[in-house]
Structures are given as structure tokens and as C-alpha cells.
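[1] here is a sequence together with a model predicted from it:
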Amino acid sequence: MADTPLGFFYRETPWRFQAEWADGAWTEGELTSESTITIDEGATCLHYAQQCFEGLKSYAGPDGAPLLFRVDQNAARLRRSAERLLMPPPPEELFLRGVQACVHANRHLLPAADEGGALYVRPLLIGVGPNLGLRPAPRYVFRVFCSPVGPYFSDGLKGIKLLVTEQDRVAPRGMGSYKAGGNYAGGLMLTANAKAQGHTEVLYLDPREHRLLDEAGSANVFGIRDGNTLVTPGSASILPSITMDSLLQLARDRGLDVQRRDVPVEELADFEEMGCTGTAAVITPVAQVTHGERVYRFAAPGAHTKALYDALTQIQYGLREDPHGWVTPVTAAQAAGA
Ligand code: PLP
Ligand code: COI
């Protein structure tokens, strides 16, 4: 790989996969070297944000061959987002073949496991046909591209700093549990404000009362309290994180008491450790949360967070047994749809 450390940036790779939908049917889809997409100026993704996406990683296994982590869950979540946005969901077979084909074609760019990197895979569904009125598009593009990445948070190992914001990017009963680009557009300024004040990322409270923890701008959050209890918000306005779902399973496997429930912001005072989880964030320890005048501090990384990080990443890189069947190899046959 390049001499520069892998951060989390867009790096163009030679191949991406694309399929198109029109008149009720998806095309077969194919790999293309064309990194741009030409769309109609009336495309609904441009005007009405008729768009959703996914994020997952491919990791170099012990023999250097690419592995995928819980890709079926990303297919299911894109389906759910698409249905909410009145878009035709790519069938699971198309989603899996697109991801396999994209990773397989770019496998020479897969960072080695000891670099701690991965190929970040970004499946994208956009309304490309024109409409002026507020109606769904007549045509859609499903594209999958990938980019070699390292850690999302450069200060991740020391523990990141979160700033509680008084603003919201989603509404009660709104779009927060869908992976729609519009949610992220609404958060850009809030993350930028937090960074400008010396924090790493923003932490949202529930949009109804601002009383409960919701999630960070780019990841879910959890706390460890009472020595062996893992607590995570059960909010309906956060993205259901596939990494968090995996973390909760690994925590139960370790004998921790797992509680997914309302978490009042003051409960931060009871946390011994705090962390955030996501595909990009993996499991990143949180060292500090600032809420108005109050500053909460946590061990970073705490012992449970470190052990859970090791368990998760060793499964992702194929270095330990995969008791839950989360890892799939990328093969030429699957990339061809066999
Ligand atoms: N929350 C937000 C807002 C995210 O952008 C992400 C990243 O996808 C997550 C949570 C974590 O989800 P996952 O673990 O499925 O990547
Ligand atoms: C991911 O973790 O996959 C995401 O989509 C978060 C994004 C802000 C990079």
C-alpha cells in the first residue's frame, strides 16, 4: 500500500459494480471502471434526497484472501431503507453478488491485516430518473464501490471525545433508524461544530425530550457499569448498528449482563467505560463526554472494551473461531453469482 497511513478517505479503486432499475426490473449488473455516474438534472436523489446506502468492510483473512462480515445484514438493512423511501430494493442475490464482485475485482488493494485496515464497501441506491413533483423516480441505480481504509478516528486508541449537542438531525418517529443520506447532511454542521471546539464527534440525545442518550454522529454508543453490565440505548431514532448487534452477542458470550434500554444522560456518571460501535468506528473507546458544564471521563480503553474489541476484530480477520457464522469468504464463484 501507499506510504501514507491509511485514514478514512475516498481512494478511487479500479472497479465498481452497477445495476439499474427501470420498468419494474433490475438489470443483471456488471463491473465498470467508470467512477462517475451521469444522471438527469431532475433526478430525485438530487432534489428530494431519494437515496440510501450501506457500509461494510472486507478484511484480509489469514491467507490474505478477502472476508466479508455479516453482509446479509447490510442487504436486509438496505431493503428496509429502500422500502421506507419508496425505492425498489435490490434483491439479496443482486446485493451479495455486487459486493462480492466489487471486492473480488479490487482484492489486490485489500490492506494487510497487520495494517489494521480493510476495504470499506459502500453500496448506494439512488433515484436517477427525473421528477419535478414530489414523487419517486422512474429509474434507479444500485452501485457498489470500495476504498482501502484505516481507522475512522485517528485518535481512536486513546479514546475519543464526544460533545452532547442541543440540536437534532432526526425527529421522533422520523428517519433516524434508516440509513438515508439526508440524516447525515443534517449532522454535518453539528459534527463540524464539535470538532471546532476540540471534540472528536457529536453525541445526540433523544429528539423528543433531550433526556436520553441516542447515538454519536457516525456510530452507536454503549457504556460498561457495575463491573459487568453493558448498557446501550434502545432508541427508535438511531441506526440499528450491525456492529452493536455483534458486540452485544460477544458481550453475552463473555457473561456480561446486556441491557438495551432507555439510558438517561445522567447515567453517564455511572459508566466505568464507554465506547462507540460501527463499521467505520469498529469499537472505539470514548474517553470523555461533555454535556453543557459537565464533563464525564472514562477509562480508555477499559478492560471490557479492549477484550470485546479483540474478540470482534479477530473474528472479522478470520483469526478466531466464528461461532455465530458471521464471516463469508469472497470467491470468484460468488462474485460471478454462483
Ligand atoms: N449509527 C450511525 C449514524 C452510523 O452512520 C453507523 C454506521 O454505519 C452506525 C450507527 C453503525 O452501524 P453499523 O455497525 O451497521 O455500521
Ligand atoms: C459506517 O460506519 O459504515 C458509516 O456509514 C459511517 C460513516 C459516517 C462513515
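    Right, received. Where do you want to start? Ligands and ions are numbered 1, 2, ... in the order given.
[2] please make it C-alpha for all contacts and neighbour counts, starting now.
    Will do.
[3] who is Leu125 paired with across the strands?
    Cys52, Phe142 (DSSP bridges).
[4] separation between it and ligand 2?
    According to C-alpha to the nearest ligand atom, to the nearest Å, Leu125 and ligand 2 sit 14 Å apart.
[5] thinking that residue is in contact with Phe145, fair?
    No: counting by C-alpha atoms under 8 Å, Leu125 stays clear of Phe145, with 11.7 Å between them.
[6] neighbour-wise, which of these two wins?
    More neighbours surround Leu125 than the other of Leu125 and Phe145, with 29 against 25 (other C-alpha atoms under 10 Å).
[7] let me know the secondary structure of the closest residue in space to Leu86 that isn't next to it in sequence.
    Leaving aside its sequence neighbours, Leu86 sits nearest to Pro136 (C-alpha to C-alpha, 6 or more residues apart in numbering; 6.4 Å). Per DSSP: H, G, I helix; E, B strand; the rest coil, the secondary structure class of Pro136 is coil.
[8] same question, Gly187
    On the three-state scheme (three-state DSSP), Gly187 is labelled helix.
[9] next, count neighbours for it.
    Gly187 has 20 nearby residues by other C-alpha under 10 Å.
[10] ok, now Cys102?
    Using other C-alpha under 10 Å, the number of residues around Cys102 comes to 29.
[11] what's the answer for the one 4 residues further on, then?
    Burial of Asn106, expressed as a neighbour count using other C-alpha under 10 Å, amounts to 19.
[12] now for the nearest residue to it once chain neighbours are set aside: which residues touch it?
    Excluding its sequence neighbours, the residue lying closest to Asn106 (C-alpha to C-alpha, 6+ apart) is Trp15, at 6.3 Å. Contacts for Trp15 (C-alpha atoms under 8 Å, 6 or more residues apart in numbering) come out as Leu31, Thr32, Ser33, Glu34, Ser35, Cys102, Ala105, Asn106, Phe145.
[13] count of residues packed around the fourth one?
    Same thing as Glu34. Around Glu34 sit 11 other residues, with neighbours defined as other C-alpha under 10 Å.
[14] Val103 in helix, strand or coil?
    helix.
[15] hmm, it is touching Ser58, no?
    Yes: with contact defined as C-alpha under 8 Å, Val103 counts as touching Ser58 (7.3 Å).
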